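Participant: here are the coordinates; sequence isn't available:
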């Protein structure tokens with residue numbers, strides 16, 4: 001049974017500076033516009049995720065908002081988890097594994113370096129080479145032909161969508 005992992009790093013946020021709460025930073029105008037384009041692209045090219053795991057930070061919730069507008073049924077399938085913020089790779093891997101017990105497809109909306117390390121850890125070596133850095137607003141779609149548990153470490157990168165890929169759309 002094929003399972004699919006959507007890894008979405010939050011979109012471009014307002015810059016951090018001393019005295020500003022990192023957890024409460026909002027998306028920039030550019031970040032909001034990019035997520036509108038990406039959610040439209042996903043609706044056209046991908047199946048609706050079965051489960052969504054989203055960090056509780058403001059910028060990740062704002063990143064997810066256009067997807068919830070595009071796919072209203074996701075609202076009931078979304079869990080907001082504090083542990084995704086500043087998560088280790090092990091924590092993210094465990095959260096994904098647990099979600100895959102209930103769902104064929106899981107979307108994780110979070111932060112670096114956690115998402116980047118998770119992607120590198122679950123991809124086959126030839127596809128991991130494609131990922132040098134998961135920039136803000138980047139979507140990685142990884143497929144596991146025999147399921148996440150069985151194929152973890154040999155996932156196939158089926159889509160790598162960055163902001164610049166959507167500028168003409």
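Facilitator: Yep, that arrived. All values reported here derive from a predicted model rather than from experimental measurement.
Participant: show me what contacts residue 101?
Facilitator: Contact analysis of residue 101 by Cβ atoms under 8 Å, 6 or more residues apart in numbering lists nothing. The way it works is simple: take the backbone N, C-alpha and C, and place the C-beta from them, glycine included.
Participant: just the one 10 residues further on next, same as before
Facilitator: The contact partners of residue 111, by Cβ under 8 Å, 6+ apart, come to 9-10, 55, 57, 60, 84-87.
Participant: and residue 163, how far is that from residue 35?
Facilitator: 10 Å (Cβ to Cβ, to the nearest Å).
Participant: can you give me the strands for this structure?
Facilitator: Along the chain, counting by DSSP state E, strands occupy 3-9, 51-55, 78-81, 105-110, 139-144, 156-161.
Participant: need those in TSV (columns: distance to residue 124 and mean pLDDT).
Facilitator: Below are the strands of the chain laid out as TSV (distance: least, Cβ to Cβ, whole Å; pLDDT from 0 to 100):
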stretch	distance to residue 124	mean pLDDT
strand 3-9	13	98
strand 51-55	23	98
strand 78-81	27	98
strand 105-110	19	98
strand 139-144	10	98
strand 156-161	7	96
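Participant: coming back round to it: may I see the PyMOL selection of the buried members of the contacts of residue 111?
Facilitator: Listed next is the PyMOL selection for buried residues among the contacts of residue 111, using 16 or more other Cβ atoms under 10 Å:
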select buried, resi 9+10+55+57+60+84+87
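Participant: just the contacts of residue 111: which are in helices?
Facilitator: residue 60 (DSSP state H).
Participant: reformat the contacts of residue 111 as TSV; add distance to residue 134.
Facilitator: Listed next are the contacts of residue 111 as TSV, based on distance: Cβ to Cβ, whole Å:
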residue	distance to residue 134
9	5
10	10
55	14
57	16
60	14
84	14
85	16
86	16
87	14
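Participant: so which of the contacts of residue 111 is the closest to residue 155?
Facilitator: residue 9 (17.1 Å; Cβ to Cβ).
Participant: tell me which helix or strand of this structure sits lowest on mean pLDDT?
Facilitator: When the helices and strands of the chain are scored by mean pLDDT, DSSP states H and E, helix 125-128 comes last with a mean of 91.
Participant: by contact count, what packs against that helix?
Facilitator: Helices and strands touching helix 125-128, by 3 or more Cβ pairs under 8 Å, 6 or more residues apart in numbering; DSSP states H and E: there are none.
Participant: again, only using 10 Å
Facilitator: helix 114-122, strand 156-161 (3 or more Cβ pairs under 10 Å, 6 or more residues apart in numbering; DSSP states H and E).
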